[in-house]
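Peer 1: prediction below, plus the sequence it came from.
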Amino acid sequence: MPVGLTDDDFLRLLTQIKDADALIVYVVDIFDFNGSMIPGLHRFVGDNPILLVGNKEDLLPRSLKRPKLRDWLRQRANEQGIRPVDVALVSAKTNHSVDQLLNLIEKYREDRDVYIVGVTNVGKSTLINQVIRQTTGQKDVITTSRFPGTTLDRIEIPLDDGHSLVDTPGIIHNSQMAHFLSGKDLRIATPQKQIKPKVYQLNSDQTIFLGGLARFDYVAGAKHGFTVYTENTLPLHRTKLSNADAFYEKHLGDLLTPPSSDDVTLPKLVAHEFKVTEKSDLVFEGLGWITVPAGVTVRGYAPEGVGVLVRKAMI
Ligand code: GDP
């Protein structure tokens, strides 16, 4: 279990879920599935159905096929031992599809309570505020970014049949990129607005740095276009692979930023190498992804603990 999840809140959360007869609404950040995981959740849900909600849909380019993303989220949940009854994509920020989510909740809860669970930063507070606004007309009842240990009281929203919609404490997940960065750096690094893809024509033995936070090496293959999907303001730098280590050493915190020079507490970057047989996305959890063609070998680097993985291309 990652550090930071072993606290009392975590046990309290899981115990609440274990003892409930409820629909569990599990909110995840579609840009950070690993960082959204509540380890062990599957052992506590018992017979309670889980509705998986992928939040921050507003950040996706239009061309991204939503059904593919839903399938992928479901697959990743399955890998964690979770079999969601359904997968919804929403934007808590823009209120997109929140009404559909409410319909799904009504459909699956079958006269039960509803428990909303999620680690911090996935947008759970924003989503619950939207739900409250839609169901009661009240605004911003829940303050965002609460931390475990400070707000432990359950927030219950009455449903019309005597049952409740219950907000559970957010749990800090330390493998999120969010925990390595200051607020300002975080805004530069994590997608804020709809992503505008950037295409790079790369030869093998070229590297792209995603700020100083991650690195992409094109290890082997012919000249190809690679499409980068990250926050629009995150500076990208292309170098020769052979020079990349030295470049990183020299320029971390100035050219390669974020992190900014006064905030270089970043864990060291760890390499993950993949040989892909089909058009794929190399995903940097919390940052975005790079679409790579079939038949190439690539390496993704991210701070230790932050996931790098491949999936079938979504576009
Ligand atoms: P919580 O810790 O899970 O309660 O998350 P918050 O509701 O505090 O949101 C965490 C961060 O994600 C904040 O910066 C929000 O503005 C942002 N956020 C929440 N929902 C969305 C969304 O649907 N889209 C985008 N782009 N950002 C979101």
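Peer 2: All right, it came through fine. Numbers count the residues shown, from 1 in each chain.

Peer 1: what are the contacting residues of stretch 244-258?
Peer 2: Applying CB atoms under 8 Å, 6 or more residues apart in numbering, the contact partners of stretch 244-258 are 181, 184-186, 188-189, 207, 209, 211-213, 215, 217, 234-235, 237, 239, 259-261, 263-264, 269. For glycine as for every other residue, the C-beta is placed from the backbone atoms N, C-alpha and C.

Peer 1: quick check: buried residues in it?
Peer 2: Ala244, Phe247, Tyr248, Leu252, Gly253, Leu256, Thr257, Pro258 (16 or more other CB atoms under 10 Å).

Peer 1: test my guess that Leu104 contacts Leu51.
Peer 2: Yes - at 6.1 Å, Leu104 counts as touching Leu51 under the criterion of CB atoms under 8 Å.

Peer 1: joint contacts of these two?
Peer 2: With CB under 8 Å, 6+ apart as the test, Leu104 and Leu51 both reach Asp86, Ala88.

Peer 1: what helix or strand is Glu249 on?
Peer 2: helix 241-251 (DSSP states H and E).

Peer 1: what's the mean pLDDT across that helix?
Peer 2: What helix 241-251 shows for mean pLDDT is 97.

Peer 1: from the contacts of stretch 244-258, which would you call buried?
Peer 2: Using 16+ other CB under 10 Å, the buried ones in the contacts of stretch 244-258 are 181, 185-186, 188-189, 207, 209, 211-213, 215, 217, 234, 237, 239, 259-260, 269.

Peer 1: next step: the contacts of stretch 244-258 restricted to helices.
Peer 2: Among these, DSSP state H puts Lys184, Asp185, Leu186, Ile188, Ala189 in helices.

Peer 1: redo the residues you listed as a markdown table? Include distance to the ligand and pLDDT.
Peer 2: Shown next, in a markdown table, are the ones in helices among the contacts of stretch 244-258 (distance: CB to the nearest ligand atom, whole Å; pLDDT from 0 to 100):
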| residue | distance to the ligand | pLDDT |
| --- | --- | --- |
| Lys184 | 13 | 87 |
| Asp185 | 13 | 90 |
| Leu186 | 8 | 88 |
| Ile188 | 13 | 91 |
| Ala189 | 12 | 92 |
